[in-house]
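Engineer: Kindly return the folded structure for what I paste below:
(2 chains)
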Amino acid sequence: KNEVEQSPQNLTAQEGEFITINCSYSVGISALHWLQQHPGGGIVSLFMLSSGKKKHGRLIATINIQEKHSSLHITASHPRDSAVYICAVRFRGVGETSGSRLTFGEGTQLTVNP
Amino acid sequence: NAGVTQTPKFQVLKTGQSMTLQCAQDMNHEYMSWYRQDPGMGLRLIHYSVGAGITDQGEVPNGYNVSRSTTEDFPLRLLSAAPSQTSVYFCASRLSTGPPGSPLHFGNGTRLTVT
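Structural biologist: A predicted model of the protein is given here:
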């Protein structure tokens, strides 16, 4: 069964700390997404990657295809980073006939205290 | 661009009632989809569309219908609401469907309660 596992489920940090959220998946993928869900419920796409590393501001996403693992890093964390971070993958071989289906992790609840 | 517009934001239904959740996007995206989000579970795909006139079932389609008469609109219909359909519903769209795809754009969600 194609699965996506995120860790930790919950993470509390102090402002300024370096944060890492992990995502592991079971079989080969063609793409991995990192999403952020705000306390109000809205979901935004942070990164889509299939190899290597991407950076946007204080956020860095990396992926290791061989180890089937991705990490989302937040540098100099801030209370406004408090949100649920969701990993989603498109397993290899899942094409248009399956609707480009993404499989989602359960999310990591991040709380950054001032 | 308004992005993905989803209405209503909240809805309460009685068991057996029907309703339509609206979703519209103004980004000319080929792909549109509906997800439900339940506590302790990841987002699950209900139905999706890869273009106008084309729809297909996702992971949890039972009790829901969709149509895609235009590129912009992708309504989700609950035929006869059940308490098990109490959830938060998200509409999402993306530009392309071929691998590796493109980033998803989400609506703001609809919190549905069925009593």
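Engineer: middle-most residue in chain B, spatially?
Structural biologist: residue B:34 (2.5 Å; CA atoms, centre = their mean).
Engineer: how about the residues of chain B that lie near chain A?
Structural biologist: B:31, B:33, B:40-45, B:48, B:50, B:56, B:58-59, B:88, B:90, B:92, B:94, B:97-106, B:108-109, B:111 (CB under 8 Å from any CB of the partner chain). For every residue, glycine as well, the C-beta is placed using N, CA and C.
Engineer: so how many other residues sit close to the nearest residue to residue B:4 once chain neighbours are set aside?
Structural biologist: Residue nearest to residue B:4 in three dimensions, not counting chain neighbours: residue B:107, with 4.2 Å by CB to CB, 6 or more residues apart in numbering or on different chains. Residues within reach of residue B:107, counting by other CB atoms under 10 Å in any protein chain shown, total 25.
Engineer: I'd like the distance between residue B:107 and residue B:36.
Structural biologist: 13 Å (CB to CB, to the nearest Å).
Engineer: Is residue 34 in a helix, a strand, or coil?
Structural biologist: Just so you know, I chose chain A. strand (DSSP: H, G, I helix; E, B strand; the rest coil).
Engineer: Sorry, I should have been clearer: chain B.
Structural biologist: Per three-state DSSP, residue B:34 ends up strand.
Engineer: Report the beta-bridge partner residues of it.
Structural biologist: Beta bridges link residue B:34 to residue B:47, residue B:91, judged by DSSP bridges.
Engineer: need the contact list for it.
Structural biologist: Taking CB atoms under 8 Å, 6 or more residues apart in numbering or on different chains as the criterion, residue B:34 is in contact with B:21, B:23, B:45-48, B:58, B:64, B:66, B:74, B:76, B:89-92.
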